[in-house]
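Enquirer: Any chance you can model this:
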Amino acid sequence: MNIENYEIGSRSAWTSTSLQGYIEASYEDLVKVFGEPIRETSGDGKVDIEWELEVRDFDFNSVIPITIYNWKDYDGGLTAQTTKDYRWHIGGTSMVAAGYVADYFNNKLAA
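Expert: Reported below is the predicted structural model:
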(Lines give C-alpha, C1' and ligand atoms only; values in the text may rest on other atoms or scores of the structure.)
Protein backbone atom coordinates (compact mmCIF):
# COMPACT_ATOMS: atom_id res chain seq x y z
CA MET A 1 0.00 0.00 0.00
CA ASN A 2 1.21 3.47 -0.79
CA ILE A 3 0.15 5.98 1.85
CA GLU A 4 -0.05 8.71 -0.80
CA ASN A 5 -2.87 6.81 -2.50
CA TYR A 6 -5.27 6.77 0.44
CA GLU A 7 -6.16 8.63 3.62
CA ILE A 8 -7.92 7.75 6.84
CA GLY A 9 -10.30 10.20 8.45
CA SER A 10 -13.58 10.53 10.30
CA ARG A 11 -16.39 8.34 9.10
CA SER A 12 -19.11 10.21 7.23
CA ALA A 13 -21.92 7.77 8.12
CA TRP A 14 -22.46 4.96 10.62
CA THR A 15 -21.71 1.51 9.23
CA SER A 16 -21.66 -1.80 11.01
CA THR A 17 -18.22 -3.41 11.17
CA SER A 18 -16.92 -6.73 12.44
CA LEU A 19 -13.54 -7.93 13.63
CA GLN A 20 -10.93 -8.05 10.86
CA GLY A 21 -7.66 -7.94 12.81
CA TYR A 22 -5.66 -6.34 15.61
CA ILE A 23 -3.07 -3.66 16.24
CA GLU A 24 -0.81 -3.47 19.28
CA ALA A 25 -0.32 0.15 20.29
CA SER A 26 -0.61 2.55 23.17
CA TYR A 27 -3.68 4.70 23.57
CA GLU A 28 -1.47 7.79 23.32
CA ASP A 29 -0.01 6.72 19.98
CA LEU A 30 -3.46 6.00 18.54
CA VAL A 31 -4.61 9.47 19.61
CA LYS A 32 -1.53 11.01 17.94
CA VAL A 33 -2.37 9.32 14.64
CA PHE A 34 -6.18 9.13 14.60
CA GLY A 35 -7.26 11.92 16.99
CA GLU A 36 -9.51 11.62 20.01
CA PRO A 37 -11.77 8.55 20.18
CA ILE A 38 -15.35 8.21 21.27
CA ARG A 39 -15.26 7.40 24.98
CA GLU A 40 -18.72 6.12 25.61
CA THR A 41 -19.30 2.65 27.00
CA SER A 42 -21.52 0.56 24.76
CA GLY A 43 -24.88 -0.55 26.09
CA ASP A 44 -23.59 -4.05 26.76
CA GLY A 45 -20.34 -2.79 28.35
CA LYS A 46 -18.08 -4.56 25.84
CA VAL A 47 -16.55 -1.42 24.26
CA ASP A 48 -15.39 1.72 26.13
CA ILE A 49 -13.10 3.43 23.60
CA GLU A 50 -13.69 3.54 19.87
CA TRP A 51 -12.50 5.31 16.74
CA GLU A 52 -15.05 5.33 13.89
CA LEU A 53 -13.05 6.05 10.75
CA GLU A 54 -13.02 5.41 7.03
CA VAL A 55 -10.36 4.79 4.43
CA ARG A 56 -10.66 6.84 1.26
CA ASP A 57 -8.71 4.87 -1.35
CA PHE A 58 -7.96 7.07 -4.37
CA ASP A 59 -6.63 4.23 -6.54
CA PHE A 60 -9.87 2.25 -6.30
CA ASN A 61 -12.21 5.21 -5.74
CA SER A 62 -13.62 3.45 -2.69
CA VAL A 63 -14.52 4.18 0.91
CA ILE A 64 -13.94 1.47 3.50
CA PRO A 65 -15.36 1.83 7.03
CA ILE A 66 -13.03 0.94 9.90
CA THR A 67 -13.36 0.88 13.65
CA ILE A 68 -10.60 0.62 16.25
CA TYR A 69 -11.82 -0.37 19.71
CA ASN A 70 -11.12 -2.08 23.01
CA TRP A 71 -13.08 -5.25 23.73
CA LYS A 72 -14.48 -6.78 26.91
CA ASP A 73 -12.17 -5.20 29.49
CA TYR A 74 -15.19 -4.19 31.61
CA ASP A 75 -13.17 -1.47 33.35
CA GLY A 76 -14.31 1.75 31.68
CA GLY A 77 -11.31 1.71 29.34
CA LEU A 78 -8.62 1.79 32.04
CA THR A 79 -6.64 -1.21 30.76
CA ALA A 80 -6.76 0.04 27.17
CA GLN A 81 -5.58 3.51 28.18
CA THR A 82 -2.74 2.37 30.43
CA THR A 83 -1.25 -0.67 28.68
CA LYS A 84 1.75 0.27 26.49
CA ASP A 85 1.14 -2.39 23.83
CA TYR A 86 -2.59 -2.93 24.19
CA ARG A 87 -4.18 -5.27 21.65
CA TRP A 88 -6.83 -3.12 19.94
CA HIS A 89 -9.48 -4.69 17.72
CA ILE A 90 -9.87 -3.48 14.15
CA GLY A 91 -13.33 -3.71 12.66
CA GLY A 92 -14.22 -3.38 9.02
CA THR A 93 -16.19 -4.90 6.21
CA SER A 94 -13.23 -6.83 4.81
CA MET A 95 -9.82 -8.01 6.02
CA VAL A 96 -8.10 -5.25 4.06
CA ALA A 97 -9.21 -2.84 6.82
CA ALA A 98 -6.55 -4.16 9.21
CA GLY A 99 -3.85 -3.69 6.58
CA TYR A 100 -4.82 -0.09 5.98
CA VAL A 101 -4.84 0.68 9.72
CA ALA A 102 -1.43 -0.90 10.37
CA ASP A 103 0.19 0.71 7.33
CA TYR A 104 -1.24 4.17 8.03
CA PHE A 105 -0.47 3.99 11.76
CA ASN A 106 3.15 2.92 11.26
CA ASN A 107 3.79 5.56 8.57
CA LYS A 108 2.22 8.42 10.50
CA LEU A 109 3.87 7.47 13.80
CA ALA A 110 7.30 7.27 12.16
CA ALA A 111 6.89 10.68 10.45
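
Enquirer: going forward, measure contacts and count neighbours with C-alpha atoms only.
Expert: Fine.

Enquirer: tell me which residues in the least confident helix or strand in the chain by mean pLDDT are buried?
Expert: Ranking every helix and strand in the chain by mean pLDDT, DSSP states H and E puts strand 6-10 at the bottom, with a mean of 92. Neighbour-count burial for strand 6-10 flags 6, 8 (criterion: 16 or more other C-alpha atoms under 10 Å).

Enquirer: tell me the secondary structure for the residue nearest the centre of the chain?
Expert: Nearest to the mean C-alpha position of the chain, by C-alpha atoms, centre = their mean, lies residue 68 at 2.7 Å. Counting by DSSP: H, G, I helix; E, B strand; the rest coil, the backbone at residue 68 sits in strand.

Enquirer: follow-up on the earlier one: each with direction, which strands does the helix or strand following the least confident helix or strand of the chain pair with?
Expert: Heading C-terminal from strand 6-10, the first helix or strand you meet, by DSSP states H and E, is strand 18-25. Using DSSP bridges, the strands paired with strand 18-25 are strand 86-92 (antiparallel).

Enquirer: Can you name the next helix or strand after the partner strand?
Expert: The helix or strand immediately downstream of strand 86-92 is helix 96-110, counting by DSSP H and E.

Enquirer: Lovely, talk soon.
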